[in-house]
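J.: Need coordinates for the below:
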Amino acid sequence: MRTLRQKLISVKRAQASDEEMQGAIEDLITDAIAVIKSGGTVIYPTETVYGLGADALSEVAVRKVYTLKQRDLSRPISLAVSSFEMLERVAYLDPSLMELLTELLPGPVTVLLRRRDTVPEILTAALDVVGVRFPDNELATRIIEKTGPITATSANISGRNPPTSVEEVELKADIILNGGKCKYGMPSTVVDMTRRTANGAKTKIQIEIKRRGAGYDRVLYILRRKAVREGLHGFSVPSLW
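T.: You can find the predicted model right below:
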């Protein structure tokens, strides 16, 4: 594979007309798509923090992400999608969850679901669970629409604070996309939808918030209203945070 030069693209309104700015953004998106399709890495903005993206279905590309982040292979990495159709290609969706998911996503939420075999084991640390993001960010989703699922892990060395602007990014990816300051400036709220309990002939999904993060209050409101009030699923929140 050809060597990809590192590229930092920053569009400043004060220095460019709207037409010039839009042209630069389109070039940026095109370049990022090409990098991911050729096995490279991209640092991209989301509404939570900046992410480190690569082809999430390629073991070679995912391994690059682990190396760049200096992340232990025993720690899973999430992936990002740009549609519910794409989500269903990487994870099993219980039909009873669809109404709930369409209220939560796109948004600052990582949903834990049972993975399909299309997802490489290296991404999930050989677990049957995959974390899925559907970011509420146009730059991110436009790229994913053309590349398919990409890794959705914060663009930082493991153990350090995740970047909320390109000025805070320390990693050396092939391309860095400057999307300005992230809306929330903190990691996503993590919701586990993988556990099931049997109640006679019926099965309930036991939904649990595993991490309090961006958009937590809205996530909590939706889950309480849909899962608890409508009695579709069990729901629990960790008592000590």
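J.: Residue 99 belongs to a strand?
T.: No. If the criterion is DSSP: H, G, I helix; E, B strand; the rest coil, then residue 99 is helix and not within a strand.
J.: Report the contact partners of it.
T.: residue 226 (CB atoms under 8 Å, 6 or more residues apart in numbering). Every residue, glycine included, has its C-beta placed from N, CA and C.
J.: Counting by contacts, list what the helix ranked longest in the chain packs against.
T.: Longest helix in the chain by number of residues, with DSSP state H as the criterion: helix 18-37. Using 3 or more CB pairs under 8 Å, 6 or more residues apart in numbering; DSSP states H and E, the elements in contact with helix 18-37 are strand 7-9, strand 42-44, helix 138-147, strand 175-177.
J.: Show me how far the last one is from its chain's centre.
T.: How far strand 175-177 lies from its chain's middle: 16 Å, per CA atoms, centre = their mean, to the nearest Å.
J.: What strands line up against that strand, and which way round?
T.: Here strand 175-177 has these sheet partners by DSSP bridges: strand 7-9 (parallel), strand 42-44 (parallel).
J.: Now tell me which of those the model trusts least on average.
T.: Mean pLDDT across these is lowest at strand 7-9; the value there is a mean of 47.
J.: Just confirm residue 181 contacts residue 164, I think it does.
T.: Yes. Judged on CB atoms under 8 Å, residue 181 makes contact with residue 164 at a distance of 6.2 Å.
J.: More neighbours: these two, which one.
T.: Each of residue 181 and residue 164 has its neighbours counted (other CB atoms under 10 Å); residue 164 has more, 20 against 11.
J.: who's in contact with that one?
T.: With CB under 8 Å, 6+ apart, residue 164 has these contacts: 49-50, 181-182, 185-186.
J.: element containing it, please.
T.: Using DSSP states H and E, residue 164 falls within no helix or strand.
J.: List the buried residues for the longest helix of the chain?
T.: The neighbour-count check on helix 18-37 (16 or more other CB atoms under 10 Å) flags 25, 28-29, 31-36 as buried.
J.: What angle do helix 138-147 and that helix make with each other?
T.: 40 degrees (axes from the mean of the first three to the mean of the last three CA atoms, to 10 degrees).
J.: Residue numbering should commence at 54 henceforth.
T.: Will do, 54 is the new start, and the previous item becomes helix 71-90.
J.: Extract the C-alpha set from helix 71-90 and format it as PDB.
T.: Written as PDB, here are the backbone C-alpha positions of helix 71-90 (Å, rounded to 0.1, in the frame of the first residue of the first chain):
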ATOM      1  CA  ASP A  71     -18.400  30.100   1.900                       C
ATOM      2  CA  GLU A  72     -17.700  28.500  -1.500                       C
ATOM      3  CA  GLU A  73     -14.000  28.000  -0.800                       C
ATOM      4  CA  MET A  74     -14.800  26.600   2.600                       C
ATOM      5  CA  GLN A  75     -17.400  24.100   1.200                       C
ATOM      6  CA  GLY A  76     -14.900  23.100  -1.400                       C
ATOM      7  CA  ALA A  77     -12.200  22.400   1.200                       C
ATOM      8  CA  ILE A  78     -14.700  20.400   3.200                       C
ATOM      9  CA  GLU A  79     -15.600  18.200   0.200                       C
ATOM     10  CA  ASP A  80     -11.900  17.600  -0.500                       C
ATOM     11  CA  LEU A  81     -11.300  16.700   3.100                       C
ATOM     12  CA  ILE A  82     -14.200  14.100   3.100                       C
ATOM     13  CA  THR A  83     -12.900  12.600  -0.200                       C
ATOM     14  CA  ASP A  84      -9.400  12.300   1.100                       C
ATOM     15  CA  ALA A  85     -10.600  10.700   4.400                       C
ATOM     16  CA  ILE A  86     -12.700   8.200   2.500                       C
ATOM     17  CA  ALA A  87      -9.700   7.200   0.300                       C
ATOM     18  CA  VAL A  88      -7.400   6.800   3.300                       C
ATOM     19  CA  ILE A  89      -9.800   4.500   5.100                       C
ATOM     20  CA  LYS A  90     -10.500   2.400   2.000                       C
END
